[in-house]
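Enquirer: Pasting the sequence and the predicted model now:
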Amino acid sequence: QVQVVESGGGLVQAGGSLRLSCAASGSILSINAMGWYRQAPGKQRELVAAITSSGLRNYADSVKGRFTISRDNAKNTVYLQMNSLKPEDTAVYYCKADGVFHAGLGYINYYWGQGTQVTVSS
């Protein structure tokens, strides 16, 4: 089986920073893309940032210039450095592993993590 586990959420004041981490584990051979999504109360889940195995990055307009996504392919880990946080960044942040090649199971479309809460106070 594959596990995707996020960490690093918490409470921070507006203007502050947080760094989220997400590690995928469980006989993984490779992962095509890893990304961060968020869901605020009453809203749909939305893409925050994603990165491919070759390093191509994609950001939501709302976080460009403030958030940076990075990845360690050898560790199947993705990070999200969040700076200049705003109250509207408050949400549960989810990690997604897209296109997972597993040693025993073969190709799996995606796995989601359980999410980590980020709260930005004004």
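Expert: Ah, there it is.
Enquirer: Can you tell me the closest non-neighbouring residue to the residue of the chain positioned farthest from its centre?
Expert: When each C-alpha in the chain is compared with the mean C-alpha position (Cα atoms, centre = their mean), Gly104 comes out farthest, at 25.0 Å. In space, Gly104 comes closest to Ser27 once its chain neighbours are excluded; the distance is 6.0 Å by Cβ to Cβ, 6 or more residues apart in numbering. The C-beta positions use only the backbone N, C-alpha and C, and glycine is treated the same way.
Enquirer: count of residues packed around that neighbour?
Expert: Neighbour count for Ser27, taken as other Cβ atoms under 10 Å: 11.
Enquirer: repeat for Tyr94
Expert: Residues near Tyr94, counting by other Cβ under 10 Å: 20.
Enquirer: So it: helix, strand or coil?
Expert: Here Tyr94 is strand, with the state taken from DSSP: H, G, I helix; E, B strand; the rest coil.
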